[in-house]
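[1] Make a model of this:
(2 chains)
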Protein chains: 2
Amino acid sequence: MTSASSVRPFEVLGDEECLQLLRGEPVGRMGLVAGALPVVLPVNFVVDGDRILFMTDPGLKLDAARSGDVACMEVDGYDRWSHTGWSVLATGRLRELTDSDEIEAARRVRVRAWAHPYAQHWVELRIELLSGRRIGDV
Amino acid sequence: MTSASSVRPFEVLGDEECLQLLRGEPVGRMGLVAGALPVVLPVNFVVDGDRILFMTDPGLKLDAARSGDVACMEVDGYDRWSHTGWSVLATGRLRELTDSDEIEAARRVRVRAWAHPYAQHWVELRIELLSGRRIGDV
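    Numbers count the residues shown, from 1 in each chain, chains lettered A, B, ... in the order given. Take a look at the predicted model:
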């Protein structure tokens, strides 16, 4: 048993702050389930309203989008000396954009895949669950 | 169709370099499957031989360890201006350490959970799959 003073400060973040932190990071870590195994891949993305947009080439992420799989995007920040930090997790279904109008609208948010600058496929993650927390005083 | 010069430099990393990068990061993002949904959580950890060790309190990670679930740990680094970076993914089965001798041995590697400094539970991820890649010239 530990005394109250030994418990680290821990703060649950509200939706607005989660979205703000999500918008501030250029790279997140996407969690997928591929062949029953969890996979985590770094992805550069933008937040557009209540969805996350990114571009990709054929591969795991595009397969997941074409199957309408649920995925999550995690962003975080930490200080390795003070052991303080925060993290945000956004979860939702993936979908490849195929309609020319919606691709045109997506183009206006300007995201280019760092790993695949000439990637042709747009994918959205519609945010259905959003959670975040902060430890310490960061 | 893109010309050869439009393809971004892309390097697959060997096991030794992957382990070295993994050892250099205090925090990774653990991917789990919880109730059929992918979840990504930041975890501070240490590498001890061919396993990853971390401490935790009751919750998703401990549940996964007690079920012997497969999980993955991702670490990465990137430069937001040059759009270069690297990432490493280590995948394997989780297990809670319960034998007093192995807990004693784990104590010697000295890892303390940032979010739960008084966490009592040791968990290992035995690395079975290891992969890494680098884009650009980082």
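[2] Helix, strand, or coil at A:Q20?
    Here A:Q20 is recorded as helix under DSSP: H, G, I helix; E, B strand; the rest coil.
[3] Give me the neighbour count for it.
    Neighbourhood size, A:Q20 [other Cβ atoms under 10 Å in any protein chain shown]: 14. For every residue, glycine as well, the C-beta is placed using N, CA and C.
[4] wait, what's in contact with the spatially closest residue to A:V39 that is not a sequence neighbour?
    Of all residues beyond its chain neighbours, the one nearest A:V39 is A:L32 (4.9 Å), with distances taken as Cβ to Cβ, 6 or more residues apart in numbering or on different chains. The neighbours of A:L32, taking Cβ atoms under 8 Å, 6 or more residues apart in numbering or on different chains as the test, are A:P38, A:V39, A:V40, A:L41, A:L60, A:K61, A:A64, A:D69, A:A71, B:P38.
[5] The same query, at a cut-off of 6 Å, please.
    Taking Cβ atoms under 6 Å, 6 or more residues apart in numbering or on different chains as the criterion, A:L32 is in contact with A:V39, A:A64, A:A71, B:P38.
[6] Which of the helices or strands spans the second one?
    Counting by DSSP states H and E, the element that carries A:A64 is helix A:60-66.
[7] Kindly report the same for the last one.
    Per DSSP H and E, B:P38 falls inside strand B:37-44.
[8] what comes into contact with that strand?
    With contacts defined as Cβ under 6 Å, 6+ apart, strand B:37-44 is touched by A:29, A:31-33, A:38, A:40, A:70, A:72, A:74, A:76, A:87, B:26-32, B:54, B:114.
[9] 7 Å instead, please
    A:29, A:31-33, A:38, A:40, A:70-72, A:74, A:76, A:78, A:85, A:87, A:89, A:91, B:26-32, B:54, B:60-61, B:111, B:113-114 (Cβ atoms under 7 Å, 6 or more residues apart in numbering or on different chains).
[10] how about it: buried residues?
    Within strand B:37-44, the residues that qualify as buried are B:P38, B:V39, B:V40, B:L41, B:P42, B:V43, B:N44, counting by 16 or more other Cβ atoms under 10 Å in any protein chain shown.
[11] Point out the residues in chain A that sit beside chain B.
    For chain A, the residues found near chain B under the criterion Cβ under 7 Å from any Cβ of the partner chain are A:2, A:6, A:8, A:26-27, A:29, A:31-33, A:37-40, A:42, A:70-72, A:74, A:76, A:78, A:80, A:83, A:85, A:87, A:89, A:91, A:114-118, A:135.
[12] Which residue ranges of chain A form strands?
    Using DSSP state E, the strands found in chain A span residues A:10-12, A:27-34, A:37-44, A:46-48, A:51-56, A:70-79, A:84-96, A:121-126, A:129-135.
[13] would you turn those strands into CSV with mean pLDDT and distance to B:E128?
    Rendered in CSV, the data for the strands of chain A read as follows (pLDDT from 0 to 100; distance: least, Cβ to Cβ, whole Å):
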stretch, mean pLDDT, distance to B:E128
strand A:10-12, 88, 33
strand A:27-34, 96, 15
strand A:37-44, 95, 10
strand A:46-48, 94, 35
strand A:51-56, 95, 26
strand A:70-79, 95, 23
strand A:84-96, 96, 25
strand A:121-126, 96, 28
strand A:129-135, 95, 29
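[14] Would you format the ones you listed as CSV with distance to B:D101 included?
    As requested, the strands of chain A are arranged in CSV below (distance: least, Cβ to Cβ, whole Å):
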stretch, distance to B:D101
strand A:10-12, 33
strand A:27-34, 34
strand A:37-44, 30
strand A:46-48, 49
strand A:51-56, 46
strand A:70-79, 32
strand A:84-96, 33
strand A:121-126, 45
strand A:129-135, 31
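[15] Of all these, which one is nearest B:L19?
    Each of the strands of chain A has some distance to B:L19 by Cβ to Cβ; the shortest is strand A:37-44, at 17.3 Å.
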